[in-house]
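Undergrad: Next comes the sequence, and after it the predicted model I'd like to discuss.
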Amino acid sequence: MANHILSPDDRGLAEERAAEPVIHHQPMGFSDRFAFGFTKLLRFCADTFFAKRYGHRAIVLETVAAVPGMVGATITHLNCLRRMVGDNGWIRTLMEEAENERMHLMTFIEVAQPTMFERLVIMLVQWAFYIGFFLLYLVSAKTAHRVVGYFEEEAVMSYTFYLAEIDAGRAQNVPAPKIALDYWGLPADATLRDVVVVVRQDEAHHRDVNHGFATELAGRPADPRQAAPYPPHADTIRLEA
């Protein structure tokens, strides 16, 4: 068999598979197909607008990513109050997800300073997505969580490609900002690459949790690993060797 030299994208995929298994939920039924198609549409828009400017892409996308957890927690909280039932830990998990995504945003703002135009895009996209996702969650929480699961699948791959760009020298491996050192408990000499690794781990966990929630709402047995407790951060997350 002829030797094959991996392209940067191939190396990124190989690294992703070695460090964090690629998990894709195969669409089942209209709800899943809608969620998957919607996610691919947004991915196309992000690829067209940002190309390989992953730092700037992260700023806009993390602003959007911080919305679903807050929306889901709010609606679940109100539903539990109205029905006078427990939440099975969903509210805390979703709130922690929203907080985690916000910290991703604050970190990448330090790495890639957004332009005034990108700040305007952030405001417009956030309002549009918040209203749309809120309505979607009211109509079908199952579909909303599946959308987030697919979002996070794409996020894992985006950060894998970001790592490939850093490793190839096309993205500068700057020192990790202080906010990242404090939040993830990273060593003082940590770099952007270390930050991208732990952010990707977070996104993989969000992927599994939201796919698990969607599967549970669909009435199918959930993968126990997808319902794992939210991972702790400071002093517990290990960097890749």
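TA: Perfect, thanks for sending it.

Undergrad: among the helices and strands of the protein, which has the poorest mean pLDDT?
TA: helix 8-19 (a mean of 45; mean pLDDT, DSSP states H and E).

Undergrad: can you map out the helices along the protein?
TA: 8-19, 29-50, 54-83, 90-111, 116-139, 141-167, 178-184, 192-217 (DSSP state H).

Undergrad: Now do the fourth one: which elements does it pack against?
TA: Read that as helix 90-111. Using 3 or more C-beta pairs under 8 Å, 6 or more residues apart in numbering; DSSP states H and E, the elements in contact with helix 90-111 are helix 54-83, helix 178-184, helix 192-217. Where you see a C-beta, it was placed from the backbone N, CA and C, and this is true even at glycine.

Undergrad: So for that helix, what gets flagged as buried?
TA: 90-91, 93-98, 100-105, 107-109, 111 (16 or more other C-beta atoms under 10 Å).

Undergrad: Next: stretch 205-222.
TA: 205-218, 222.

Undergrad: for the protein, which spans come out with low pLDDT?
TA: 1-24, 43-57, 221-241 (pLDDT under 70).

Undergrad: doesn't Phe213 make contact with Glu97?
TA: No: Glu97 lies out of contact with Phe213 (C-beta atoms under 8 Å); the separation is 10.5 Å.

Undergrad: surely Ala190 meets Lys178?
TA: No: between Ala190 and Lys178 there is no contact under C-beta under 8 Å: 10.3 Å.

Undergrad: of the two, who's got more company?
TA: Ala190 (19 against 12; other C-beta atoms under 10 Å).

Undergrad: any idea how far Arg92 is from the more buried one?
TA: Noted for Ala190: a distance of 28 Å to Arg92, by C-beta to C-beta, to the nearest Å.

Undergrad: ditto for Leu124
TA: 31 Å.

Undergrad: Then Ser31?
TA: Distance, Ser31 to Arg92, by C-beta to C-beta: 26 Å.

Undergrad: residue contacts, the closest residue to Ala218 other than its chain neighbours?
TA: Counting by C-beta to C-beta, 6 or more residues apart in numbering, Ala218 lies nearest to Lys142, which is 5.4 Å off, once chain neighbours are set aside. Contact partners of Lys142, counting by C-beta atoms under 8 Å, 6 or more residues apart in numbering, are 31, 214, 217-218.

Undergrad: Ser158 and His104: what is the separation?
TA: For Ser158, the distance to His104 - C-beta to C-beta - is 12 Å.

Undergrad: and for those two, which residues touch both?
TA: Ala58.

Undergrad: And for Leu138, the neighbour number?
TA: For Leu138, using other C-beta under 10 Å, the count is 11.

Undergrad: Check Thr115 too.
TA: When neighbours are counted by other C-beta under 10 Å, Thr115 comes out with 11.
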